[in-house]
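Chemist: let's see this in three dimensions:
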Amino acid sequence: MAFTEDNWNNAGNQHKDSILMLLEKPFTHIGKTVIDWINVLGSSAIFLLIALWKSFHPKQFSKVIQQTYYIGAKSTTIIMLVSLFTGMVLGLQSYHALVKFGAQGGLGTLVALSLIRELGPVLTAIMITARAGSAITAEIGIQRITEQVDDLKTMRIDPFSYIISPRITASIISFPLLTAVFDIIGIIGGYITGVILMGLNAGTYTHSIQSYVDMKDLTDGFAKAIVFAVIVATVCCYQGYYVHKRKDSKGAKAVGMATTSAVVISCVLILISDYVVTSLLLL
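Modeler: I've put the predicted structure just below:
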């Protein structure tokens, strides 16, 4: 009788343990995911600090110029095209909305502030991520899997100073400049729609911009551009530099996965940081 009771007790304990394991499994997965994200966030922050520290080397000037040309100058055409039609669509939609309230005179202010404070920095960052950020990740990833990074270490060349720092510095330079181009061309696009196509008075459009757009609006937009530059450059360089440590794939496939991850993560972080920075700037 005692043996039977022990068996029942053991079976009951095993059943309880199995239920507890089933209940703990989702929380274990969530906890592991959170810890992994914290580890990546910490290593990314250290990665950025090291890259920024090594960016003050005098021999990096030529590399920074090359990367500024690649990231900034070669992205100008697509930025101008996107900004022109963004401004035109924004002007068209805003004009029809303002006409209902008899406030079409504020079209210039609405277009300019929307572009300068929000659409300009965000869309510029996303377009640069799609064009240059993905290429940066793929290029660094290929250098990693073909052991070119290890060859640099063998030749006593610091990979951070040679590969990472120039790209981050060039991004910090290029993003605000391209944001300014986006804002200007977008305002011109709003002018084309509002004044040329819809018949709004040109003086009214330009006067509303001059009256209600001040220096704080410009500095807030450029501050966002610098934050986005740091985020995009860090994520793209980090994903490419540590592509060999990915657990989901190896080799050429890992480069493709890293490139996709870099673009997706950068775009998500751009939108999240846009909200955070906007909240801080409005305090």
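
Chemist: show me the contacts for the residue lying closest to Gly189 once chain neighbours are set aside.
Modeler: Ranked by CB to CB, 6 or more residues apart in numbering and with sequence neighbours excluded, the top spatial neighbour of Gly189 is Gly87, at 2.6 Å. Every C-beta, even on glycine, is put in place using the N, C-alpha and C of the backbone. Counting by CB atoms under 8 Å, 6 or more residues apart in numbering, Gly87 touches 111, 115, 185-193.

Chemist: how much space between Gly87 and Trp37?
Modeler: 37 Å (CB to CB, to the nearest Å).

Chemist: check Leu177 too.
Modeler: Applying CB to CB to Leu177 and Trp37 gives a distance of 32 Å.

Chemist: could I get the pLDDT score of Gly12?
Modeler: We have a pLDDT of 55 for Gly12.

Chemist: contacting residues for the closest residue to Leu98 other than its chain neighbours?
Modeler: The shortest distance from Leu98 to any non-neighbouring residue, by CB to CB, 6+ apart, is to Gln104 (4.6 Å). Counting by CB under 8 Å, 6+ apart, Gln104 makes contact with 95, 98, 194, 200.

Chemist: next helix or strand past the strand or helix carrying the first one?
Modeler: When you say that, I think you mean Tyr95. Assigned by DSSP states H and E, Tyr95 falls within helix 76-99. Once the chain leaves helix 76-99, the next helix or strand it forms, by DSSP H and E, is helix 107-114.

Chemist: now the one helix or strand Ile184 maps to: mean pLDDT?
Modeler: Taking DSSP H and E as the criterion, Ile184 maps to helix 165-191. Per-residue pLDDT values over helix 165-191 give a mean of 95.

Chemist: any weak-confidence spans in the protein?
Modeler: Along the chain, the parts satisfying pLDDT under 70 run over 1-27, 29.

Chemist: do a quick rundown of the helices in it.
Modeler: 2-53, 61-71, 76-99, 107-114, 120-128, 134-145, 148-154, 159, 165-191, 202-212, 215-241, 251-281 (DSSP state H).

Chemist: just to revisit the earlier point, with neighbour numbers in mind, choose between Leu177 and Trp37.
Modeler: Leu177 (17 against 10; other CB atoms under 10 Å).

Chemist: now do the contacts for the closest residue to that one other than its chain neighbours.
Modeler: Spatial nearest neighbour of Leu177, chain neighbours left out: Gly72 (6.1 Å); criterion: CB to CB, 6+ apart. By CB under 8 Å, 6+ apart, the residues touching Gly72 are 170, 173-174, 177-178.

Chemist: if we can go back for a sec, packing partners for the helix holding Ile184?
Modeler: helix 2-53, helix 61-71, helix 76-99, helix 107-114, helix 120-128, helix 202-212, helix 215-241 (3 or more CB pairs under 8 Å, 6 or more residues apart in numbering; DSSP states H and E).

Chemist: between it and helix 202-212, how many degrees?
Modeler: 140 degrees (axes from the mean of the first three to the mean of the last three CA atoms, to 10 degrees).

Chemist: so which of the contacts of Gly87 is the closest to Leu48?
Modeler: Leu115 (28.7 Å; CB to CB).
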